[in-house]
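Peer 1: Got a sequence here, can you build the structure:
(one chain, ligands or ions: 1)
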Amino acid sequence: MIASPGVSSTLTQSEACDRRWDVGIIGAGVAGSSLAILLARQGHSVLLIESQRFPREKVCGGCLNQRAIASLDAMGVLAECMAAGAIDIDALRIRQGTHEHRWAIPKMLSLRRSTLDTILVRKSIEVGAHYLDQTSAIIDSSERGSSGDVGMRLRSQGNVSGGPSSTLESREANTLCKVRTRIAIVAAGLTRSPLTRSRSTSQDAWPAKTEPHSRIGVQALIPAEILEDGDGRWREALYLHAKSDLRMLIGSEGYLGVSLTDGGFYDFAAALDPASINRHRSIPAAIDHLLSECHLPLIGLLTPDGWKSTPHLTRRSWPVAQDRVFLLGDSMGYVEPFTGEGMSWAMAGAAWLSDRLHDAMSRSGKVGTDGQGVKDAEIAWNHWAGIQRRRQQSICRWVAGQVRHPTRTSWVLQGLDWLPPVRNILLRKATQ
Ligand SMILES: Cc1cc2nc3c(=O)[nH]c(=O)nc-3n(C[C@H](O)[C@H](O)[C@H](O)COP(=O)(O)OP(=O)(O)OC[C@H]3O[C@@H](n4cnc5c(N)ncnc54)[C@H](O)[C@@H]3O)c2cc1C
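Peer 2: As a prediction, the model looks like this:
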């Protein structure tokens, strides 16, 4: 296993603002950095802007399904992910109460987001994209160039993550500048920070709806030696000897996924009712409640670095493209992560969008206005997002809906035990 070194800005904020870019991408998570790789490879000038300093953790189970693995391979980073210590996952062990079900699944990989996202950003730089870290960006709808360019306001943040100092830190902390791009991408995850309300109208140009009773995501990484070498309670209760199992524990107020990941950690990622956290007064206490419902030893206090959390998970934005701005990845809307497709959707979306944008920019040439080409790409992207929601997210929604009802969940799980052909179709659909 090799440690994943960090990654630094390739230019300063003022250098970024001195030129006009083909594409400006806000957010260097899986969605943004994948798009940066694909567009830079096609010869476009790409500025990738990230508010944090990498490597950074992010709330995620870190499981890459077959489709995600194929996307990583196509982008030329799969070998590096394996060399960084990605763990093979080939079985799903579901527990509700004292009932256990263990099923074989198509192979997945488990990799920390700090490792994966750093590999992707480094690749984007290698193929020609420019990267500006510790800088938050917002779309400035009042700033339109004569050729219709999108304006973005950049604010550098200094060394926000407390990691090793970057070249940027000493020079430009907390400065502000404006950058022009032909096309802007918002790949900022569940936060909507880059999208401001229009100053001219009181209406929100990017309305988003959070579903009632939406859960929130939480995560902690626990060192393997604490769980495996302790007094043996967790090792046995969580079947930690089965290194390639993804464990899902279902409780009445949420569910928790546990998998071994690179760097010698177990990734604990859960979707919880916000009311559960209020009721139990803290995230570790809510996780312990879930574990107690599954008759397992309590674990909350074993996480010295604490739990990270997300905003509400299930939301949708509409439209997802207008006026040369495109939303990508979780920024488009998201559903609960029980079957862990988020990263594969993000990468598949980046691949599809990169072809449309390449086509649009090639049709209009490098200079002058982009006209109809970009409009066509906006229409196509709105259409694609609609289909994605209907077809691909439907299983995820269905599964997430079932696990809210303990009795129904128990019947569904037993039914799947009795009907292997149905189970295999469902598992294939959910994990490929
Ligand atoms: C509990 C949980 C478990 C999950 N488990 C899995 C799993 O096992 N497998 C799977 O495939 N998916 C999983 N997901 C989903 C997955 O994490 C997301 O779908 C995926 O991270 C989406 O990637 P993204 O690039 O859209 O957003 P993100 O990964 O969130 O990246 C967004 C980036 O934008 C940056 N940013 C935000 N605002 C700004 C700004 N204004 N300026 C500059 N930068 C900005 C952020 O710092 C961040 O780095 C899980 C999600 C949750 C909540």
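
Peer 1: what stretches of the stretch 301-432 of the chain score poorly on pLDDT?
Peer 2: 304-305, 337-339, 364-370, 392-397, 431-432 (pLDDT under 70).

Peer 1: Show me what the helix or strand containing K178 is packed up against.
Peer 2: According to DSSP states H and E, K178 maps onto strand 176-186. When contacts are defined as 3 or more C-beta pairs under 8 Å, 6 or more residues apart in numbering; DSSP states H and E, strand 176-186 packs onto helix 13-17, strand 20-26, strand 135-144, strand 150-156, strand 325-327, helix 342-364. (C-beta placed from N, C-alpha, C; glycine too.)

Peer 1: buried stuff in the helix or strand following that strand?
Peer 2: Once the chain leaves strand 176-186, the next helix or strand it forms, by DSSP H and E, is strand 208-210. Along strand 208-210, these residues count as buried under the neighbour rule (16 or more other C-beta atoms under 10 Å): A208.

Peer 1: interface residues of the stretch 201-350 of the chain facing the ligand?
Peer 2: 217, 219, 269-271, 310, 313, 329-330, 337, 340-344, 346 (C-beta under 6 Å from any ligand atom).

Peer 1: So which of the helices and strands packed on strand 176-186 is nearest P106?
Peer 2: Minimum separation from P106 across these (C-beta to C-beta) falls at helix 342-364, 12.1 Å.

Peer 1: Helix or strand next in line after that closest one, which one?
Peer 2: helix 372-402.

Peer 1: Give me the contacts around the helix or strand following that following helix.
Peer 2: Downstream of helix 372-402, the next assigned helix or strand under DSSP H and E is helix 406-418. For helix 406-418, contacts defined as C-beta atoms under 8 Å, 6 or more residues apart in numbering pick out 94, 96-97, 99, 101, 103, 250, 252, 402-403, 422-423, 426.

Peer 1: now, the most widely separated pair of these?
Peer 2: Of all pairs in these, the most separated under C-beta to C-beta is S252 and V422 at 25.5 Å.

Peer 1: Among these two, which residue is more densely surrounded?
Peer 2: S252 (17 against 11; other C-beta atoms under 10 Å).

Peer 1: Nearest residue to the more buried one in space, please, no chain neighbours.
Peer 2: Leaving aside its chain neighbours, S252 sits nearest to P406 (5.6 Å; criterion: C-beta to C-beta, 6 or more residues apart in numbering).

Peer 1: The one you found: how many residues sit nearby?
Peer 2: 14.

Peer 1: Relative to the ligand, how far out is it?
Peer 2: 20 Å (C-beta to the nearest ligand atom, to the nearest Å).

Peer 1: what's the answer for C63, then?
Peer 2: In terms of C-beta to the nearest ligand atom, C63 sits 4 Å off from the ligand.

Peer 1: Not counting residues beside it along the chain, what's closest to that residue?
Peer 2: That would be G340: by C-beta to C-beta, 6+ apart, it lies 4.6 Å from C63.

Peer 1: how many other residues sit next to the one you found?
Peer 2: G340 has 25 nearby residues by other C-beta under 10 Å.

Peer 1: That one: which element?
Peer 2: Using DSSP H and E, no helix or strand contains G340.

Peer 1: ok, it - contacts?
Peer 2: 61, 63, 65, 108, 257, 431.

Peer 1: just checking, T118 touches A28?
Peer 2: No - the pair T118 and A28 fails to qualify as a contact (C-beta atoms under 8 Å) at a distance of 9.4 Å.

Peer 1: picking that back up, can you redo the helices and strands packed on strand 176-186 as JSON lines with mean neighbour count?
Peer 2: Formatted as JSON lines, these follow (neighbours: other C-beta atoms under 10 Å):
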{"stretch": "helix 13-17", "mean neighbour count": "18"}
{"stretch": "strand 20-26", "mean neighbour count": "24"}
{"stretch": "strand 135-144", "mean neighbour count": "18"}
{"stretch": "strand 150-156", "mean neighbour count": "21"}
{"stretch": "strand 325-327", "mean neighbour count": "27"}
{"stretch": "helix 342-364", "mean neighbour count": "21"}
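
Peer 1: thinking again about what came up before, can you add secondary structure and give the contacts of helix 406-418 back as JSON lines?
Peer 2: Putting the contacts of helix 406-418 into JSON lines (DSSP: H, G, I helix; E, B strand; the rest coil) gives the following:
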{"residue": "I94", "secondary structure": "strand"}
{"residue": "Q96", "secondary structure": "strand"}
{"residue": "G97", "secondary structure": "coil"}
{"residue": "H99", "secondary structure": "strand"}
{"residue": "H101", "secondary structure": "strand"}
{"residue": "W103", "secondary structure": "strand"}
{"residue": "I250", "secondary structure": "strand"}
{"residue": "S252", "secondary structure": "coil"}
{"residue": "Q402", "secondary structure": "helix"}
{"residue": "V403", "secondary structure": "coil"}
{"residue": "V422", "secondary structure": "helix"}
{"residue": "R423", "secondary structure": "helix"}
{"residue": "L426", "secondary structure": "helix"}
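
Peer 1: buried subset of those residues?
Peer 2: 94, 96, 103, 250, 252, 403, 423, 426.

Peer 1: Against the ligand, how distant is G232?
Peer 2: 27 Å.

Peer 1: What's the per-residue pLDDT of that residue here?
Peer 2: Looking at G232, its pLDDT is 79.

Peer 1: can you check V121 too?
Peer 2: The model's pLDDT for V121 equals 98.

Peer 1: can you check the one 10 residues further on too?
Peer 2: Each residue has a pLDDT score; the one for Y131 is 98.

Peer 1: what number of residues lie near it?
Peer 2: By other C-beta under 10 Å, neighbour count at Y131 equals 25.

Peer 1: who's it bridged to?
Peer 2: The bridge-partner assignment for Y131, based on DSSP bridges, gives L48.

Peer 1: My read is that D149 contacts R20, right?
Peer 2: Yes - under the criterion of C-beta under 8 Å, D149 makes contact with R20 at 6.7 Å.

Peer 1: Next, show the common contact partners of those two.
Peer 2: With C-beta under 8 Å, 6+ apart as the test, D149 and R20 both reach 180-182.

Peer 1: Kindly indicate which of the residues you listed lies nearest the ligand.
Peer 2: T181 (13.6 Å; C-beta to the nearest ligand atom).

Peer 1: Could you report the pLDDT at the closest one?
Peer 2: 95.

Peer 1: And I87, by the same measure?
Peer 2: 98.

Peer 1: could you dump stretch 174-184 to CSV, C-alpha only?
Peer 2: What follows is stretch 174-184, C-alpha atoms only, in CSV (Å, rounded to 0.1, in the frame of the first residue of the first chain):
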residue,chain,number,x,y,z
ASN,A,174,-9.0,35.8,1.9
THR,A,175,-8.7,37.7,-1.3
LEU,A,176,-11.5,38.1,-3.9
CYS,A,177,-11.4,38.1,-7.7
LYS,A,178,-13.6,37.4,-10.6
VAL,A,179,-13.1,34.8,-13.3
ARG,A,180,-14.8,34.4,-16.7
THR,A,181,-15.6,31.0,-18.2
ARG,A,182,-17.6,29.9,-21.3
ILE,A,183,-19.3,27.2,-19.3
ALA,A,184,-19.6,26.8,-15.6
